[in-house]
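Asks: no sequence for this one, just the structure:
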């Protein structure tokens, strides 16, 4: 059913298949084999005693062995005598989590675990990612951001503000880790669907990088969350006594862009190979920032590898979901060029999705003009219309039409355009009403309904509503997780979460390991193919169009391999060449961080 499209991807085209190592097989049995800790090399640290258990990167809590406590680290007497292994520590954390009454309390508890023992935190997150990902990231992270000041206990990440103007090189020099590979930075101007949260937006980079570590295998000492605090226009925050950001209105215009550039220049000098992800920047600046640094418009300075997850990540993972849905429906993925797509929401996320799908259609053989005619994009004033061109951005003008009434409602657009795919990136909860969804279902037997706004309260409709109003025939994916839905015929459908987590950890992993100079459109296209190809037939049978989240490490590795191969093909990798392609997956897998307790060895001299 169209899986030939995925032959270009480096991930296996037969779902579930794994590449053979290529090593010679010896049939002779041997009494020798690698010992159980052979893949856990020791960590050399310059710390001892209480400083070890106070550092979350080194701390093992009660899991320190007696030789470690006594001979090397000076912990004797500082911990309870009984050694408790990680598996029991994880059981205790889970028991405490399930005893709490709300996900926001669980979010706070997990933050405390991470502040004390990062290895335990990431090991548990990887093992229980289906349960924990919605707690540490969407949808719970939205409330965590709103209450960030009230619940703030211990700083995590870098808070760079307008007060640091002219001193950002010095500020970044204070970061304790010398080799940062992945940076997630926000200016807090458009946090999820919640708007301007200023410095409270720091919860987003923190949650995002937890997923980079657990899902993408980036070591925790190689990630850095950053809040670029340029003020806030949120009057509620300016009046909040617990607000921890600078209390002034947002800096805008040239002064704002100069602050962004100074920060990225400091990154360029301090961490020259870092991959920088822009997160939740408002649409009035997001495209300009991405375009300027992605296209390396200043050729006098060293390039910096940048990525905007709202624009590129959301677009690429949505495109992957649509290709996967085509296959589940029994059509070749290339037939996506024949679909009619209605997108509610024309902000940075909506435009990112629209342009990524359009670019994918062009790669499938359509012209840009033909592909653009398959879209209608609506905002609060109706469909993007040529008569509104004076008020549209360059990205929006691509989808402006003149064959629909100016100011038409969403229902009117559905009746006239007859979309086969309905997508929501409006941040307006419930905008996909029963009338709208039923109107879409009139014109296609199996409509694709993708309400992608976060958190759940902002979702354009629920899974239950989409299935009910289409008599169970919809293919559904949402930006936030929804519970399984049992239909009237007794069949249970499992809604997919169109989660950027299926792509951005793999893209960051590829950028980190392959030292990629720039994330190109073809790399994103190959990432989408790898993600769509990673869906197992058993998942499709349950109604899913994305892989099961428990397979996230496998998916991230396949996405990273596809992106790294595209980087090699384009000459964008600083360390890999064509000769590395046959072993690329193994080369990347060997660099993935595994959260496990490793032996600690002292480095000398030890600072006092």
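Replies: That came in fine, so what should we check first? Just so you know, these numbers come straight off a predicted model, no measurement behind them.

Asks: Let me know the distance separating residue 212 from residue 308.
Replies: Relative to residue 308, residue 212 is positioned 15 Å away (Cβ to Cβ, to the nearest Å). Every C-beta, even on glycine, is put in place using the N, C-alpha and C of the backbone.

Asks: out of these two, which sits in the busier spot?
Replies: More crowded of residue 212 and residue 308, by other Cβ atoms under 10 Å: residue 212, with 30 against 26.

Asks: Name the next helix or strand downstream of the strand or helix carrying that one, please.
Replies: Using DSSP states H and E, residue 212 sits within helix 203-216. Moving toward the C-terminus from helix 203-216, the next helix or strand (DSSP H and E) is strand 223-229.

Asks: Can you name every helix or strand that that next one contacts?
Replies: Applying 3 or more Cβ pairs under 8 Å, 6 or more residues apart in numbering; DSSP states H and E, one finds that strand 223-229 contacts strand 158-161, strand 182-186, helix 203-216, helix 253-270.

Asks: can you give me the helices in the stretch 401-550 of the chain?
Replies: 410-417, 434-441, 463-469, 504-514, 521-533, 537-541 (DSSP state H, counting those that start in this stretch).

Asks: Quick one: residues in contact with the third one.
Replies: By Cβ atoms under 8 Å, 6 or more residues apart in numbering, the list of residues contacting helix 463-469 from outside reads 432, 434, 437-438, 441, 449, 451, 474, 476, 478, 482-483, 485, 487, 493, 495.

Asks: and which of these is nearest to residue 94?
Replies: residue 483 (20.3 Å; Cβ to Cβ).

Asks: how many degrees apart are the helix holding residue 212 and helix 504-514 in direction?
Replies: For helix 203-216 against helix 504-514, the angle by axes from the mean of the first three to the mean of the last three Cα atoms, to 10 degrees is 70 degrees.

Asks: Return the distance of helix 203-216 from the chain's centre.
Replies: Distance, stretch centre to chain centre, for helix 203-216: 8 Å (Cα atoms, centre = their mean, to the nearest Å).

Asks: Check stretch 132-139 too.
Replies: 12 Å.

Asks: got it, and stretch 433-442?
Replies: 31 Å.

Asks: List the buried residues in it.
Replies: Of the residues in stretch 433-442, those buried by neighbour count under the rule 16 or more other Cβ atoms under 10 Å are 436, 437, 439, 440, 441.

Asks: and the second one, how far is that from residue 378?
Replies: The span separating residue 437 from residue 378 equals 15 Å under the rule Cβ to Cβ.

Asks: Redo the buried residues of stretch 433-442 as a markdown table? Include pLDDT and distance to residue 322.
Replies: As requested, the buried residues of stretch 433-442 are arranged in a markdown table below (pLDDT from 0 to 100; distance: Cβ to Cβ, whole Å):
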| residue | pLDDT | distance to residue 322 |
| --- | --- | --- |
| 436 | 97 | 19 |
| 437 | 97 | 18 |
| 439 | 97 | 20 |
| 440 | 97 | 15 |
| 441 | 96 | 18 |
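
Asks: Turn those residues into TSV, including distance to residue 80.
Replies: Formatted as TSV, the buried residues of stretch 433-442 follow (distance: Cβ to Cβ, whole Å):
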residue	distance to residue 80
436	60
437	57
439	64
440	61
441	61
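
Asks: residues touching the nearest residue to residue 169 once chain neighbours are set aside, list them.
Replies: Using Cβ to Cβ, 6 or more residues apart in numbering and skipping the chain neighbours, the partner closest in space to residue 169 is residue 266 (4.7 Å). Applying Cβ under 8 Å, 6+ apart to residue 266 gives the contacts 168, 169, 171, 172.

Asks: now do 10 Å
Replies: By Cβ atoms under 10 Å, 6 or more residues apart in numbering, the contact set of residue 266 is 160, 164, 167, 168, 169, 170, 171, 172, 173.

Asks: next one: residue 352
Replies: The neighbours of residue 352, taking Cβ under 10 Å, 6+ apart as the test, are 283, 286-287, 290, 308-316, 318, 395, 425.

Asks: can you list the weak-confidence ranges in the stretch 301-450 of the chain?
Replies: Applying pLDDT under 70 to the stretch 301-450 of the chain flags no residue at all.

Asks: circling back to that earlier point, select, out of the helices and strands packed on strand 223-229, the one closest to residue 192.
Replies: When those are compared by Cβ to Cβ, helix 203-216 sits nearest residue 192, at 7.7 Å.

Asks: got the angle between the closest one and strand 182-186?
Replies: Using the same axes, to 10 degrees: helix 203-216 against strand 182-186 is 150 degrees.

Asks: Check the offset of the lowest-mean-pLDDT helix or strand in the chain from the chain's centre.
Replies: Across the helices and strands of the chain, mean confidence by mean pLDDT, DSSP states H and E is lowest for strand 600-602: a mean of 84. Computed by Cα atoms, centre = their mean, the chain-centroid distance of strand 600-602 equals 34 Å.

Asks: which residues sit against it?
Replies: Contact with strand 600-602 is made by 41-48, 52, 58-60, 64-65, 68, 71-75, as judged by Cβ under 10 Å, 6+ apart.

Asks: where in this structure is pLDDT low?
Replies: Those would be 1-28, 38, 72, 604-608, if you go by pLDDT under 70 across the chain.

Asks: at 50 instead, please
Replies: For the chain, applying pLDDT under 50 flags the ranges 1-23.

Asks: those helices in the stretch 1-150 of the chain, which residues are they?
Replies: 50-53, 66-67, 86-99, 103-116, 118-127, 129-136, 140-146, 148-151.

Asks: and residue 360, which of those helices is closest to it?
Replies: helix 129-136 (26.2 Å).

Asks: Point out the other helices and strands that that closest one packs with.
Replies: Applying 3 or more Cβ pairs under 10 Å, 6 or more residues apart in numbering; DSSP states H and E, we find helix 129-136 packed against helix 86-99, helix 103-116, helix 118-127, helix 140-146, helix 203-216, helix 552-569.

Asks: Could you check how far that helix is from the centre of its chain?
Replies: On Cα atoms, centre = their mean, the centre of helix 129-136 falls 13 Å from that of its chain.

Asks: let's have the chain start at 270 instead
Replies: Will do, 270 is the new start, and the previous item becomes helix 398-405.

Asks: Check the gap between residue 716 and residue 708 for me.
Replies: Residue 716 is 10 Å from residue 708, by Cβ to Cβ.

Asks: What of residue 575?
Replies: 40 Å.

Asks: next one: residue 720
Replies: 16 Å.

Asks: cool, and residue 343?
Replies: For residue 343, the distance to residue 708 - Cβ to Cβ - is 71 Å.

Asks: Quick check: residue 506 touching residue 419?
Replies: No. The pair residue 506 / residue 419 is not scored as a contact, 11.7 Å apart, by Cβ atoms under 10 Å.

Asks: overlap in contacts of those two?
Replies: Residues touching both residue 506 and residue 419 (Cβ under 10 Å, 6+ apart): 469, 512.
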